[in-house]
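Trainee: I would like the atomic coordinates for the input below:
(one chain, ligands or ions: 2)
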Amino acid sequence: MKLLIPEDEIRAAVRRLGAEITRDFAKSDPVVVPILSGSFMFAADLIRELPFPLEVDFMKVSSYKDATAPQGPIEVHLEPGTPLRGRPVLIIEDIIDSGGTLLRIIEDMRRAGAEPVKVAVLLDKRGEKGKPVPVDYTGIKRACDFVVGYGTDYAGHYRNLRGIYVLDEPDIAAYR
Ligand code: IMP
Ligand code: MG
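Mentor: Ligands and ions are numbered 1, 2, ... in the order given. The predicted model follows:
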């Protein structure tokens, strides 16, 4: 396993995002929606950088199953119960890769009547490829292979790592 993004770089990115989001949302009482499970750690840190009135509700989706590449359609396992009509929403997502997951989530929030719908992402892996999804707050931009840690997983494992790591073949084989 190779360290890609150390803890202190994540912390600095989260603080910067917190300041940007606070400037934009401090007066609008948004609903903040972490996308489970991968964003739970990022969301816990980021939300503590937001010292203004807000609500938190959750959405749980999956698309990756236990593979290191997207497979099939996005499954929605949990939607926010908080009424979103006319409310500003801030989606908190761990990683954008192809952009398919976020496109679907943004569409769902709009259909629920949220306005505006903004997006904060810790790691943008898109590089040159990927869908043109508008991300309003980007923590770190880096095209890379499959990563784990700081909440993100491979086959359910490695979420407890403090930094973000690129997997090697033995790390994958351990939970295949
Ligand atoms: P996309 O739909 O291709 O943009 O993929 C984004 C979704 O897949 C996010 O919900 C991520 O949690 C997950 N994902 C994408 N790349 C990685 C990765 O390198 N490690 C862990 N999860 C990832
Ligand atoms: Mg995810």
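Trainee: and P134, how many neighbours does it have?
Mentor: Neighbourhood size, P134 [other C-beta atoms under 10 Å]: 11. Every residue, glycine included, has its C-beta placed from N, CA and C.
Trainee: my bad, should have said G86
Mentor: Counted with other C-beta under 10 Å, G86 comes out at 8.
Trainee: and what of D108?
Mentor: Other residues lying near D108 total 20 when counted by other C-beta under 10 Å.
Trainee: show me the contacts for the closest residue in space to R85 that isn't next to it in sequence.
Mentor: Excluding the flanking residues, the one nearest R85 by C-beta to C-beta, 6 or more residues apart in numbering is G113, at 3.3 Å. With contact set as C-beta atoms under 8 Å, 6 or more residues apart in numbering, G113 has these partners: L84, R85, G86, R87.
Trainee: got any ranges where the chain has weak pLDDT?
Mentor: 64-71 (pLDDT under 70).
Trainee: Go ahead and flag the most central residue of it.
Mentor: E93 (1.3 Å; C-alpha atoms, centre = their mean).
Trainee: could you dump the strand or helix carrying that residue to CSV, C-alpha only?
Mentor: Taking DSSP states H and E as the criterion, E93 maps to strand 89-96. This file holds the C-alpha atoms of strand 89-96, laid out as CSV (Å, rounded to 0.1, in the frame of the first residue of the first chain):
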residue,chain,number,x,y,z
VAL,A,89,-28.6,21.4,-0.1
LEU,A,90,-24.8,20.7,0.2
ILE,A,91,-23.9,17.2,-0.9
ILE,A,92,-20.8,15.8,0.7
GLU,A,93,-19.1,13.0,-1.4
ASP,A,94,-15.7,11.3,-0.9
ILE,A,95,-14.6,10.7,-4.5
ILE,A,96,-15.6,11.7,-8.0
